[in-house]
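In: I'll drop the sequence and a predicted model, then ask my questions.
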Amino acid sequence: MLLLKIVIATLFFVFYIIDMARLPEKLKVNYKPFNCNMCLSVYIAIALYLLPVVVLNCVLVAFVAGVSAPLFRNLMNNIFFKK
């Protein structure tokens, strides 16, 4: 179960940082491993594996919510404000 949490937290963390927030471009570190989904996922997964479970849970909740919120907003807008 712990490894599954690490994988899910890593996926959402990397997707949010690289694709949604575009932090590598904003912070001028637009080179590997910071702008590569596959490269950054390896480093983040290792870091989350070595950190305490409390940190893993915080990262998991924060980034799943961060990725899910825009999707939920778009869903609600499409349901209530049909064009």
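Out: Received it, and whenever you're ready, just let me know what you need. Keep in mind that what you see is a predicted model, and the values were worked out from it rather than measured.

In: name the element the spatially most central residue of the chain belongs to?
Out: For the chain, the residue nearest the mean C-alpha position is Phe13 (2.1 Å; CA atoms, centre = their mean). Phe13 is part of helix 2-14 when elements are defined by DSSP states H and E.

In: identify all contacting residues around the helix or strand of the chain at the bottom of the mean pLDDT ranking.
Out: In the chain, the helix or strand scored least confidently by mean pLDDT, DSSP states H and E is helix 23-26, which has a mean of 93. With CB atoms under 8 Å, 6 or more residues apart in numbering as the test, helix 23-26 has contacts from 17-18, 30-31, 34-35. Backbone N, C-alpha and C define where each C-beta goes, glycine included.

In: what element comes up after it heading to the C-terminus?
Out: Downstream of helix 23-26, the next assigned helix or strand under DSSP H and E is helix 37-50.

In: quick check: mean pLDDT of the helix or strand just after that next one?
Out: Following helix 37-50 in sequence order, the next helix or strand is helix 53-80 (DSSP H and E). For helix 53-80, mean pLDDT is 95.

In: what is the neighbour count of the closest residue in space to Val53 that isn't next to it in sequence?
Out: The spatial neighbour of Val53 that comes closest, neighbours along the chain excluded (CB to CB, 6 or more residues apart in numbering), is Leu2 at 7.1 Å. Neighbour count for Leu2, taken as other CB atoms under 10 Å: 10.

In: any idea how far Tyr49 is from Leu2?
Out: 9 Å (CB to CB, to the nearest Å).

In: before we move on, back to that, for ChimeraX, what selects the buried ones among the contacts of helix 23-26?
Out: Buried members of these, defined by 16 or more other CB atoms under 10 Å, are picked up in ChimeraX with:
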select :17,18,34,35
